[in-house]
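In: Sequence plus predicted model, see below.
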Amino acid sequence: MKISNETKIGILAAFAIALLILGFNFLKGKSIFAKSRTLYAVYTDVQGLAESNAVKINGLQVGTVYSINPDKSMKRILVNMTLTREVNIPTNSVATIKVDLLGQVSVEIHLGDTPRFFASKDTIATIPSIGLFNEFMGKVNPVFLEVKRAVGSIDSVLGNFNRILDPNAKDNIGSALANLNKTTANLITASASLTELLNTQTGALAGTLNNLNSFTGNLDKNNEKINSLVSNLDKTAGNLSNLELQKTLDILNSTIGDLKGTIAKLNSNTGTVGLLLNDTRLYNNLTATANKLNLLIDDLKTNPKRYVNISVFGKKNKDAGLTVPLPDTVNAPYTRQK
């Protein structure tokens with residue numbers, strides 16, 4: 001069977017493409033045939049880290065950096081790492097970016113001690129790198145690192161001193177000294193005033209003491225009057241205490257009790273006054289009597305012959321009397337009888 005040239009070219013092209021894909025993934029650290037895992041790490045500064053850089057644990061390469069994807073704000077940079085070795089990485093491990101003396105950048109994973117391990121596509125914690133110079137100085141001699149820090153502190157102190165000696169600070173110091181001079185002058189003036197105040201001859205304090213002496217002298221001269229006044233007050237208080245105040249209060253309480261009893265009887269239905277005030281039958285009887293009296297007067301006005309007959313020949317009026325009052329007495333206090 002003869003293979004055409006076109007078929008040979010197609011097979012060669014497909015083989016070249018496959019080889020190119022395999023080589024590209026190999027350079028990026030990702031093998032198609034080998035079993036691998038993916039870990040993610042987030043940094044704010046990758047310090048020149050690039051794709052295909054090594055991922056190491058204790059100096060041994062266990063994988064490579066597959067991709068680096070920053071966000072739009074460039075504040076979070078996601079690093080995708082492919083692990084080609086079967087290693088157990090505890091979940092409290094951290095990943096830091098390390099730059100060696102030759103400028104090679106790699107990701108160094110510092111193992112933790114928890115019994116739980118990362119799975120594929122988990123995100124590992126990160127810490128910022130301390131820098132190549134600080135790491136080198138710490139390894140060569142820790143004293144050099146302390147000296148560097150001390151030099152930085154001295155530089156900061158000198159900077160602060162230079163800021164103090166600038167023209168504005170000099171003006172402020174001059175103003176402070178001027179204020180201090182004014183304060184000293186005020187203290188001198190205050191001291192003189194205090195000396196004058198404490199002068200035993202002309203000072204205000206001496207005058208106050210003289211007035212106090214005069215006042216106490218007057219009290220001493222009027223001591224008998226004061227004693228007499230106190231004695232009179234004592235007698236007055238004794239007279240007030242001798243009054244039969246408690247007896248008066250007892251009588252008043254008794255009177256109030258009797259008054260309460262009388263009011264209680266008036267509010268009850270016992271006794272003549274209580275019945276007059278609280279029993280409605282007396283009111284109803286008086287009202288009925290007034291109704292009958294009004295009706296009698298109206299009947300007397302309407303039919304006087306029924307009661308007084310002055311005719312010699314006439315006959316006595318035998319008509320029935322009124323059963324309802326006349327209209328002109330409609331406003332009288334009648335009670336409707338039921």
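Out: Right, received. Where do you want to start? Numbers count the residues shown, from 1 in each chain.

In: ranges for the helices of the stretch 51-200 of the chain?
Out: 132-140, 142-164, 167-197 (DSSP state H, counting those that start in this stretch).

In: and what of the stretch 201-338 of the chain?
Out: 204-221, 223-242, 245-267, 272-278, 281-302.

In: For the third one, name the packing helices and strands.
Out: The reference is to helix 245-267. If contacts are counted by 3 or more Cβ pairs under 8 Å, 6 or more residues apart in numbering; DSSP states H and E, helix 245-267 sits against helix 272-278. Every C-beta, even on glycine, is put in place using the N, C-alpha and C of the backbone.

In: list the helices and strands the helix it packs on packs on?
Out: Partner elements for helix 272-278 (3+ Cβ pairs under 8 Å, 6+ apart): helix 245-267.

In: Look up the pLDDT of residue 242 for me, please.
Out: Model confidence at residue 242, given as pLDDT, is 68.

In: which residues of the stretch 151-300 of the chain score low on pLDDT?
Out: Applying pLDDT under 70 to the stretch 151-300 of the chain flags the ranges 151-152, 155, 157-170, 197-204, 242-244.

In: Let's see that with 50 instead.
Out: Judged by pLDDT under 50, the stretch 151-300 of the chain has no weakly predicted residues.

In: can you list the helices of the stretch 201-338 of the chain in TSV and add mean neighbour count and distance to residue 20?
Out: Listed next are those as TSV, based on neighbours: other Cβ atoms under 10 Å; distance: least, Cβ to Cβ, whole Å:
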stretch	mean neighbour count	distance to residue 20
helix 204-221	10	109
helix 223-242	10	125
helix 245-267	10	121
helix 272-278	12	124
helix 281-302	13	128
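
In: could I get those as a markdown table with distance to residue 107?
Out: Formatted as a markdown table, the helices of the stretch 201-338 of the chain follow (distance: least, Cβ to Cβ, whole Å):
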| stretch | distance to residue 107 |
| --- | --- |
| helix 204-221 | 85 |
| helix 223-242 | 101 |
| helix 245-267 | 102 |
| helix 272-278 | 108 |
| helix 281-302 | 114 |
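
In: Can you get me the centre-to-centre distance for stretch 84-95 and its chain?
Out: Distance, stretch centre to chain centre, for stretch 84-95: 48 Å (Cα atoms, centre = their mean, to the nearest Å).

In: Counting neighbours, what do you get for residue 50?
Out: 9 (other Cβ atoms under 10 Å).

In: helix/strand/coil for it?
Out: coil (DSSP: H, G, I helix; E, B strand; the rest coil).

In: Tell me if I'm right that it and residue 67 touch.
Out: No. In this structure residue 50 lies outside contact range of residue 67 using Cβ atoms under 8 Å: 10.4 Å.

In: Spit out the contact partners of residue 38.
Out: Applying Cβ atoms under 8 Å, 6 or more residues apart in numbering, we find residue 38 in contact with 66, 80-83, 120-121.

In: just the buried members of those?
Out: For the contacts of residue 38, a burial check counting by 16 or more other Cβ atoms under 10 Å picks out 66, 80-83.
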